[in-house]
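Enquirer: Need coordinates for the below:
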Amino acid sequence: MQKSNASGWQIIALASQISQTKPFACKTHAQDYVLFRDNKNVVRALEDRCIHRRARLSSGRVTEQGLLQCPYHGWAYEGRQGRCKLIPNFAAGERISADAKVKAFVVKEREGFIWLCDNAQVPAKPQVFKAVKLPALSSQSEGHTLLCIPLQGFWEALLDDPSLVAEIKGIDLITGNILGEPVVTSEGLTVEWSAKWRASASKNKTPSDFPLILCVRLAADCTSAVIELRDLDNQLLLSAVIAAIEADVYVTKLLWRWVSLPENRLTGIKTAALKKAVDELEFAIKAEIPAEKLINTHRYVSAIWHQRLHAV
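Expert: Below you'll find the model as predicted:
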């Protein structure tokens with residue numbers, strides 16, 4: 001399923017994970033990065049290896065000058081170009097070669113995420129940032145986890161049965177009740193599912209009887225997805241962005257941010273139980289995937305997505 005990421009941009013961390021005091025190690029299957037904030041609070045990303053003795057820079061510290069300092073012999077690097085600016089055992093006046101540098105990467109902080117570009121031709125105005133913009137709702141949160149599932153397997157599970165990998169507190173997804181056919185465009189795939197309030201005692205029979213719609217939109221480059229929960233009046237109750245990174249062949253790193261509509265802005269929901277349920281909405285990726293449910297999942301939506309990728 002994995003499609004080439006033509007833009008070169010990928011979410012690799014939550015903005016809240018990066019500080020001016022402690023370097024942040026970020027491992028992907030292809031590269032080990034270290035992220036930190038310099039003395040201007042700008043996020044920087046370098047290869048997580050000192051050029052001197054190959055020690056991990058993520059085990060070091062960020063200096064008061066905003067340099068990333070290796071824990072081994074104290075070599076320190078600026079973040080924009082990765083140039084070494086300090087070698088403690090150099091004599092006074094001894095110059096550091098301009099070639100003494102760690103590989104640096106272009107990063108942007110947008111929508112609560114840290115984006116990294118590994119494309120030599122960095123897009124001037126990347127359009128991918130817009131795809132993960134959350135609506136301006138007051139209640140919001142975020143999370144991250146590691147799952148023992150290949151990256152492709154995670155996206156397939158999300159498309160074929162979102163309840164396998166994601167959970168919205170107080171909501172039951174009606175597995176197998178797809179509303180219409182999945183829609184495939186140049187921007188990705190969209191599929192809608194029936195859902196209901198767990199607090200409701202309704203005896204719904206058909207997909208159109210259920211009071212909620214769960215929409216999943218997977219981006220064309222297979223790096224992020226948006227999940228929205230709406231009622232039948234198209235009122236947005238919750239919106240979440242999921243980013244997935246191949247940490248290893250068998251392990252996927254998940255990052256997510258979500259917002260929900262506060263109870264005092266609801267319209268059309270009258271019972272106290274449902275108002276309370278809306279106010280308590282929370283989104284999270286599950287800590288583990290039930291193997292038995294996974295192997296018995298009908299692979300309908302992911303099969304459509306595979307056909308689309310092979311046709312491109």
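Enquirer: mind giving me the domain ranges of this structure?
Expert: By the assignment in automatic domain parsing, the chain contains the domains 9-129, 135-311.
Enquirer: Make JSON lines out of those domains and add mean neighbour count and mean pLDDT.
Expert: For the C-beta atoms, the positions are set from N, CA and C on the backbone; glycine is no exception. Putting the domains of the chain into JSON lines (neighbours: other Cβ atoms under 10 Å; pLDDT from 0 to 100) gives the following:
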{"stretch": "domain 9-129", "mean neighbour count": "17", "mean pLDDT": "90"}
{"stretch": "domain 135-311", "mean neighbour count": "17", "mean pLDDT": "85"}
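Enquirer: Just give me the longest strand of the chain.
Expert: strand 236-248 (DSSP state E).
Enquirer: now for that one, which elements pack on it?
Expert: Contacts defined by 3 or more Cβ pairs under 8 Å, 6 or more residues apart in numbering; DSSP states H and E place strand 236-248 against strand 9-14, helix 151-160, strand 166-168, strand 224-231, strand 251-260, strand 283-285.
Enquirer: Can you get me the start-to-end distance on stretch 84-98?
Expert: 8 Å (Cα to Cα, to the nearest Å).
Enquirer: now that stretch: how far from the chain's centre is it?
Expert: 39 Å (Cα atoms, centre = their mean, to the nearest Å).
Enquirer: what is the orientation angle of the longest strand of the chain with strand 224-231?
Expert: 160 degrees (axes from the mean of the first three to the mean of the last three Cα atoms, to 10 degrees).
Enquirer: Surely Asp32 and Leu46 touch.
Expert: No. Asp32 is beyond contact range of Leu46, at 10.0 Å (criterion: Cβ atoms under 8 Å).
Enquirer: Which residue is the nearest non-sequential neighbour of Asp31?
Expert: Actually, residue 31 is Gln rather than Asp. Closest residue to Gln31 apart from its sequence neighbours, by Cβ to Cβ, 6 or more residues apart in numbering: Glu47 at 7.1 Å.
Enquirer: how far away is that neighbour from Pro135?
Expert: Using Cβ to Cβ, to the nearest Å, Glu47 is found at 36 Å from Pro135.
Enquirer: cool, Ile149 as well?
Expert: From Ile149 to Pro135 the distance is 29 Å (Cβ to Cβ).
Enquirer: Same question for Ala15.
Expert: Relative to Pro135, and taking Cβ to Cβ, Ala15 is found at 18 Å.
Enquirer: and what of Arg230?
Expert: 12 Å.
Enquirer: who touches both of those two?
Expert: Shared contacts of Arg230 and Pro135, defined by Cβ atoms under 8 Å, 6 or more residues apart in numbering, comprise Leu236.
Enquirer: For Ala303, give me the backbone phi and psi.
Expert: When read as degrees, to the nearest 10, the backbone of Ala303 gives phi -70, psi -40.
Enquirer: Which of the helices and strands packed on strand 236-248 sits closest to Glu292?
Expert: helix 151-160 (13.1 Å; Cβ to Cβ).
Enquirer: got the contact list for the residue nearest to the spatial centre of the chain?
Expert: By Cα atoms, centre = their mean, the chain has its centre lying nearest to Ala243, at 2.1 Å. By Cβ under 8 Å, 6+ apart, the contact list for Ala243 reads 10-11, 113, 132, 223-224, 254-256.
Enquirer: try 7 Å
Expert: Ala243 makes contacts with 11, 113, 223-224, 255, as judged by Cβ atoms under 7 Å, 6 or more residues apart in numbering.
Enquirer: Which member of those is positioned nearest Trp193?
Expert: Trp193 has its nearest neighbour among these in Ser224, at 18.9 Å by Cβ to Cβ.
Enquirer: How about that closest one: what's its closest non-neighbour residue?
Expert: Ala243 (4.8 Å).
Enquirer: how about Ala98, secondary structure?
Expert: Under DSSP: H, G, I helix; E, B strand; the rest coil, Ala98 falls in the coil class.
Enquirer: Spatially nearest residue to it (excluding sequence neighbours)?
Expert: Using Cβ to Cβ, 6+ apart, the nearest residue to Ala98 is Arg83, at 7.1 Å.
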